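> sequence first, then the predicted structure:
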Amino acid sequence: MNILIANDDGVFAPGIQALAQALKPLGRVVVVAPEAERSGYSSALTLDRPLRPVEISPDIWAINGTPADCVYLSMNGLFDFEFDLVVSGINSGANLGDDVLYSGTVGAAFEGRLMKQPAIAVSLAGANVRGYLSPQDYQVAATWVHDFIAKGMPELPPRHILNINIPDVAKLKGQKITYQGRKHLSKPITSQVDPRGRHVFWIGLSGEAVTEAKMGLGEIGSDFAAVQQGYVSITPIQMDATNYAVLPDLYQQFCADLA
């Protein structure tokens with residue numbers, strides 16, 4: 001099995017190093033990742049300049065682009081073989097709820113799925129994750145990903161991926177299938193004046209999780225709830241964001257008289 005690993009934290013990030021090492025027993029592992037951190041780039045592709053792949057060591061490539069660029073190039077001619085699976089991560093920090101809209105980790109996985117290959121996005125969720133500097137800090141999560149893939153990837157419809165969030169705990173309680181939760185509005189922006197007297201702004205931090213219950217889903221809870229309880233959250237998400245439930249009403253309101 002040929003496995004492509006990408007991320008949005010950069011090719012030297014400890015999470016991607018731990019993941020690559022953990023997956024090597026499953027087949028050939030090729031890392032193609034941004035040369036520096038590209039968090040928050042979602043599914044952006046670079047269209048205004050050329051991209052430069054650099055092999056920094058065997059089967060480890062750095063690209064001066066976005067996470068989606070890395071997957072797009074890898075599956076469209078950078079290599080003379082095809083990949084069987086795309087794994088994006090392990091991200092330094094959670095990708096829960098509304099954050100998947102911005103996540104470069106999720107964007108890279110979606111790019112792989114658009115190329116018809118199974119794909120998962122993996123993140124390590126915890127209050128202190130951003131301070132981790134060693135691949136060893138991601139070992140529990142990386143081992144879980146290895147075992148998950150080794151058991152056999154579940155079949156998903158086209159244009160769907162699994163968004164996986166692994167809590168930063170010494171011992172995982174297990175895993176839960178979850179739905180994508182919601183967050184309150186982001187915190188206000190922070191305004192400052194830099195040393196040269198120019199006005200600058202920092203984007204506000206994400207809001208807190210919204211407590212909600214999805215009717216008709218029985219025991220299935222949100223991704224936030226699973227992680228908070230010490231379980232791995234596995235959420236199937238899709239590219240198609242159409243709200244089919246409201247289509248008939250909108251058609252009647254705007255188009256019925258034209259039929």
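That came in fine, so what should we check first? Numbering: from 1, shown residues only.
> can you find the helix or strand in the chain with the smallest mean pLDDT?
Across the helices and strands of the chain, the lowest-confidence element by mean pLDDT, DSSP states H and E is strand 199-202, at a mean of 88.
> show me what secondary structure element comes after that strand.
Note on strand 199-202: by DSSP states H and E, the next helix or strand toward the C-terminus is helix 223-228.
> and that next one, how far from the chain's centre?
The chain centre lies 16 Å from the centre of helix 223-228; the measure is C-alpha atoms, centre = their mean, to the nearest Å.
> CA atoms only for that helix - export them in PDB, please.
C-alpha atoms of helix 223-228 as PDB (Å, rounded to 0.1, in the frame of the first residue of the first chain):
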ATOM      1  CA  ASP A 223     -17.300  15.700  18.100                       C
ATOM      2  CA  PHE A 224     -16.800  18.100  21.000                       C
ATOM      3  CA  ALA A 225     -18.500  15.800  23.500                       C
ATOM      4  CA  ALA A 226     -16.600  12.700  22.500                       C
ATOM      5  CA  VAL A 227     -13.200  14.400  22.800                       C
ATOM      6  CA  GLN A 228     -14.100  16.000  26.100                       C
END
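> and Thr143, how many neighbours does it have?
13 (other C-beta atoms under 10 Å). From N, CA and C alone the C-beta is placed, and that goes for glycine too.
> if we can go back for a sec, gap between the least confident helix or strand of the chain and the chain center?
For strand 199-202, the distance to the chain centre is 27 Å (C-alpha atoms, centre = their mean).
> how about the helices in this protein?
14-23, 67-74, 104-114, 139-150, 223-228, 247-254 (DSSP state H).
> same list, the ones you listed, but as TSV with distance to Pro188 and mean pLDDT please.
Below are the helices of the chain laid out as TSV (distance: least, C-beta to C-beta, whole Å; pLDDT from 0 to 100):
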stretch	distance to Pro188	mean pLDDT
helix 14-23	30	98
helix 67-74	28	98
helix 104-114	24	96
helix 139-150	32	98
helix 223-228	22	94
helix 247-254	34	92
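> so, low pLDDT: which residues of this structure?
For the chain, residues meeting the criterion pLDDT under 70 lie at 184-186, 205-207, 209, 211, 213, 215-216, 259.
> so Tyr138 makes contact with Ile90?
Yes. Judged on C-beta atoms under 8 Å, Tyr138 makes contact with Ile90 at a distance of 5.2 Å.
> for those two, indicate the residue with more neighbours.
Ile90 (32 against 29).
> residues in contact with Leu23?
For Leu23, the contacting residues are Ile3, Ile5, Val29, Val87, Ala142, Val145, His146, Ile149, by C-beta atoms under 8 Å, 6 or more residues apart in numbering.
> cutoff 6 Å now
Ile3, Val29, His146 (C-beta atoms under 6 Å, 6 or more residues apart in numbering).
> now Ser222
Per C-beta under 6 Å, 6+ apart, neighbours of Ser222: Thr178, Tyr179, Gly181.
> now these in JSON lines, with distance to Pro154 and neighbour count?
Listed next are the contacts of Ser222 as JSON lines, based on distance: C-beta to C-beta, whole Å; neighbours: other C-beta atoms under 10 Å:
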{"residue": "Thr178", "distance to Pro154": "14", "neighbour count": "26"}
{"residue": "Tyr179", "distance to Pro154": "16", "neighbour count": "19"}
{"residue": "Gly181", "distance to Pro154": "21", "neighbour count": "23"}
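> CSV for those, including distance to Ala62?
Conversion of those to CSV gives the following (distance: C-beta to C-beta, whole Å):
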residue, distance to Ala62
Thr178, 33
Tyr179, 36
Gly181, 34
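> out of those residues, who's nearest Tyr231?
Tyr231 has its nearest neighbour among the contacts of Ser222 in Thr178, at 8.6 Å by C-beta to C-beta.
> and the closest one, how far from Asp69?
29 Å (C-beta to C-beta, to the nearest Å).
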